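Undergrad: Need coordinates for the following:
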Amino acid sequence: MKTWMRALLFISAFSPALITMAYVRYDVNGLGSDVIQLLIVGLIGSMLPFLILILIRQQGEIFNLKITKIESNDFMHFAFFVSYFVPLIMNAAEVSVTAIFFVVLTAFLLLWLSSSLPAHPLLRIMRFRFYKVESSAGVGYILISKRNIRDPHTAGPFQMISDAMLMETKRD
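TA: Numbers count the residues shown, from 1 in each chain. Got it, this is the predicted structure:
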């Protein structure tokens, strides 16, 4: 999968914060074009992770990989959930839509250069789990799975999201 798709998957984790910001703007200024823009972008961004995973399932090549080590990587979810409420706490009504766009664009570019996806609360709500895994060759990956995996030998088969990210596919 392309690096831009991984970055887009990660940046979509912040989409609910845009919905919260739309609410704050509406509460302070009433319904305006900025509220509608924030709401539309937030809703589209909230749907992106599911669309991306569907695309990966449909187009990704399935392969096996021997996993020797696995540990949960869900620790960052709390920070993301808190970020969804930051606009309420900081009264973000004075931040322009243009400024928000540049912050999101900057975050997207930084995440594009990053090698993994540490957490995604929207996917976690849909019962996806995140793991740090190591292959028998010593290569580390982030694994996204719907299963609660305790034994690394039971993981797989996989589809590649990026060079450092895997998604466990459904077993037959």
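Undergrad: So which other helices or strands are in contact with the helix or strand where R25 lies?
TA: Taking DSSP states H and E as the definition, one finds R25 inside helix 15-29. The elements that helix 15-29 packs onto, with contact taken as 3 or more Cβ pairs under 8 Å, 6 or more residues apart in numbering; DSSP states H and E, are helix 33-59, helix 77-90, helix 121-125. In short, each C-beta sits where N, CA and C put it, glycine included.
Undergrad: For the first one, buried residues please.
TA: For helix 33-59, the neighbour count (16 or more other Cβ atoms under 10 Å) marks 34-35, 37-39, 41-42, 45-46, 48-49, 52-53, 56 as buried.
Undergrad: Including distance to R147, could the residues you listed go into CSV?
TA: Below are these laid out as CSV (distance: Cβ to Cβ, whole Å):
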residue, distance to R147
D34, 42
V35, 40
Q37, 38
L38, 35
L39, 34
V41, 32
G42, 30
G45, 26
S46, 24
L48, 23
P49, 18
I52, 20
L53, 15
I56, 17
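Undergrad: roughly how far apart are I11 and A17?
TA: In this structure, I11 and A17 are 11 Å apart, going by Cβ to Cβ, to the nearest Å.
Undergrad: now do F158
TA: Relative to A17, F158 is positioned 31 Å away (criterion: Cβ to Cβ).
Undergrad: And F101, by the same measure?
TA: F101 sits 14 Å away from A17, going by Cβ to Cβ.
Undergrad: Then F63?
TA: 35 Å.
Undergrad: So these two - more neighbours on which side?
TA: Here F63 and A17 are compared on neighbour count by other Cβ atoms under 10 Å; more neighbours surround A17, at 23 against 12.
Undergrad: So which helix or strand of this structure has the lowest pLDDT on average?
TA: One helix or strand of the chain scores below all others by mean pLDDT, DSSP states H and E: helix 77-90, with a mean of 58.
Undergrad: Okay, now the unreliable bits of this structure?
TA: Under the criterion pLDDT under 70, the flagged ranges of the chain are 1-3, 74-97, 99-100, 103-104, 107-119, 170-172.
Undergrad: In contact with V133, which residues?
TA: 67, 69-71, 140-143, 152, 155, 166 (Cβ atoms under 8 Å, 6 or more residues apart in numbering).
Undergrad: Quick check on these: which are buried?
TA: Among the contacts of V133, those classed as buried by neighbour count (16+ other Cβ under 10 Å) are 67, 70, 141-143, 152, 155, 166.
Undergrad: Since that was my last question, I'll sign off now.
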